[in-house]
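S.K.: pasting the sequence and the predicted model now:
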Amino acid sequence: MPSKLHPKQALSLSSEKTIFCPKGFSLIEIIVGLMMISVMAAMIFHATGGGLWQSAQGVTACREFFELQGQMEKITRIYKQRLAANNGTINLSDFQSDIAGEDYVNAAQTGYLSESGGNFTLTPGTTNLFLVTLVHGDQRCVSIFSQ
């Protein structure tokens with residue numbers, strides 16, 4: 001007979017002398033382990049503020065910003081081409097019609113500017129300043145062009 005038995009071992013006293021060693025977890029141990037894992041997952045989620053799932057928002061905002069920047073560069077190129085074609089002068093109403101169909105141009109916030117006491121406001125009619133506003137998602141890009 002063996003001198004020491006592990007608590008989970010059983011010895012048969014029959015002539016076959018079989019030893020039973022269960023190798024696994026009981027249902028209680030599995031449930032306790034799952035509970036511990038779920039509590040730790042909840043703590044990690046709370047500590048990161050859901051950042052693991054919200055990380056795509058920053059990527060989307062960055063992509064939208066670069067799309068707006070590229071579009072504003074295209075509009076600036078149109079402006080410079082008009083200046084070069086007209087010997088350094090530009091008709092802003094022609095420029096306005098050139099960019100009217102461009103992507104992301106917000107027509108409600110694009111137009112002529114007037115200045116009064118250091119404040120600029122959109123005005124009907126023509127002035128020497130033209131405001132172009134591009135909007136894509138939560139991103140906004142604004143540029144002022146002069147005559």
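M.R.: Received the coordinates, thanks.
S.K.: got the buried residues for whichever helix or strand residue 114 is part of?
M.R.: Element membership for residue 114 (DSSP states H and E) is strand 111-116. Judged by neighbour count using 16 or more other CB atoms under 10 Å, the buried positions of strand 111-116 are 111-113. (Each C-beta comes from the backbone N, C-alpha and C, glycine too.)
S.K.: let me know the closest of the residues you listed to residue 23.
M.R.: For those, the minimum distance to residue 23 (CB to CB) is 78.2 Å, reached by residue 111.
S.K.: which residues touch the strand holding residue 114?
M.R.: Strand 111-116 has contacts (CB atoms under 8 Å, 6 or more residues apart in numbering) with 92, 96, 120-127, 129-131, 144.
S.K.: so which of these is the most crowded?
M.R.: Taking other CB atoms under 10 Å as the neighbour criterion, residue 130 ranks highest of the contacts of strand 111-116 with 22 neighbours.
S.K.: so whichever strand or helix holds that one versus strand 111-116, what angle?
M.R.: When elements are assigned from DSSP H and E, residue 130 belongs to strand 129-136. Between the axes of strand 129-136 and strand 111-116, defined by axes from the mean of the first three to the mean of the last three CA atoms, to 10 degrees, the angle is 130 degrees.
S.K.: helices of this structure, residue ranges please.
M.R.: Remark: helices assigned in the chain by DSSP state H are 27-48, 51-85, 92-99.
S.K.: in this structure, which helix or strand is least confident?
M.R.: Lowest on mean pLDDT, DSSP states H and E among the helices and strands of the chain sits strand 10-11, with a mean of 52.
S.K.: quick one: the residue nearest to the spatial centre of the chain and residue 46, what's the gap?
M.R.: The centroid of the chain falls nearest to residue 57 when counting by CA atoms, centre = their mean (2.1 Å). According to CB to CB, to the nearest Å, residue 57 stands 19 Å off from residue 46.
S.K.: still on that earlier bit, so which of the helices of the chain comes closest to residue 138?
M.R.: For those, the distance to residue 138 is smallest for helix 51-85, at 6.5 Å, taking CB to CB.
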